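A.B. asks: build me a structure from this.
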Amino acid sequence: MRLLAALLLLALAGCSGPSPTPSTTDFDPVSPLSGEVTVFAAASLTETFERIARVFMQENPDVTVTLSFGGSSGLATQIAEGAPADVFAAASPTTMQASGATGAQNFATNVLEIAVPAGNEAGVTGLDDFANADLAIALCAVEVPCGAASDTLFKQKAITPSVDTYEQDVRAVLTKVELGEVDAGLVYSTDVEAAAGAVQGIEVDSAAVDYPIAQLTDNEAAAAFIAFVLSEKGQKMLAAAGFGAAA
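C.D. replies: Model prediction:
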């Protein structure tokens with residue numbers, strides 16, 4: 001009987017065969033990103049987004065990011081009229097809404113700051129000086145976010161600025177100050193930081209401005225770019241440029 005049982009066990013073992021090898025279809029590795037991403041971004045994001053895009057492309061060498069900067073309101077109009085952009089990063093939620101984009105997420109904040117030429121020969125000390133008709137003053141046009149924020153701030157402070165030139169984006173105001181064409185301008189604190197000593201900054205008491213970002217097309221690389229901006233690494237680069245964390 002023992003011999004018979006042993007023979008039966010050997011026969012069963014011979015029929016069992018080797019264990020099946022797991023199929024390679026049991027998992028689907030993520031393919032490397034590839035393609036092109038066109039990003040429309042507020043002028044105040046210029047240096048920071050150039051840095052973010054450069055690092056993003058280093059980590060994703062098969063992706064090309066093309067950046068287009070300008071006044072948020074002008075970019076929003078282009079997007080609403082069908083401009084081929086995959087991502088929009090605006091300097092205000094109102095401008096984002098005007099573009100028709102949905103699903104926007106705030107990724108940073110900024111505050112207004114007075115910029116004066118290096119040396120501040122005009123002796124500007126605060127917002128009250130913007131009412132001085134003897135000074136040359138530059139502001140953003142009220143249609144763009146920095147202009148709308150400036151207008152709100154002056155109304156809150158009951159100051160009527162004596163403006164010599166209205167510019168279509170914040171970097172145009174900064175350039176006027178850098179060149180000494182005006183005695184003062186109202187820009188974002190990050191613009192003063194970006195000027196790297198070419199202008200002096202004078203802090204003002206102003207509310208933070210939200211910066212939203214939205215995906216405009218069904219583009220996997222665009223979604224990855226936004227995720228990178230929102231990531232710890234992207235947020236550190238924004239913080240290094242002077243932007244505040246999203247509320």
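
A.B. asks: what stretches of the chain score poorly on pLDDT?
C.D. replies: For the chain, the stretches flagged by pLDDT under 70 are 1-31.

A.B. asks: torsion angles phi and psi at the residue nearest the centre of the chain?
C.D. replies: Nearest residue to the geometric centre of the chain (C-alpha atoms, centre = their mean): A89, 5.0 Å. Phi and psi for A89, reported as degrees, to the nearest 10, are phi -120, psi 110.

A.B. asks: partners of it in the sheet?
C.D. replies: As for beta bridges, A89 partners with A41, I213 under DSSP bridges.

A.B. asks: that one and A41 touch, don't they?
C.D. replies: Yes - with contact defined as C-beta atoms under 8 Å, A89 counts as touching A41 (4.2 Å). For glycine as for every other residue, the C-beta is placed from the backbone atoms N, C-alpha and C.

A.B. asks: return every residue with contacts to both of these two.
C.D. replies: Residues touching both A89 and A41 (C-beta atoms under 8 Å, 6 or more residues apart in numbering): F49.

A.B. asks: got a list of what A207 touches?
C.D. replies: By C-beta under 8 Å, 6+ apart, the residues touching A207 are V111, A149, T152, L153.

A.B. asks: which strands or helices does the host helix or strand of the second one pack on?
C.D. replies: Which is A149. Per DSSP states H and E, A149 falls inside helix 145-156. For helix 145-156, the packing partners by 3 or more C-beta pairs under 8 Å, 6 or more residues apart in numbering; DSSP states H and E come out as helix 93-99, strand 112-117, strand 137-140, strand 184-188.

A.B. asks: could you dump the ones you listed into a markdown table with distance to G35 and mean neighbour count added?
C.D. replies: Formatted as a markdown table, the helices and strands packed on helix 145-156 follow (distance: least, C-beta to C-beta, whole Å; neighbours: other C-beta atoms under 10 Å):
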| stretch | distance to G35 | mean neighbour count |
| --- | --- | --- |
| helix 93-99 | 22 | 19 |
| strand 112-117 | 37 | 24 |
| strand 137-140 | 34 | 26 |
| strand 184-188 | 32 | 31 |
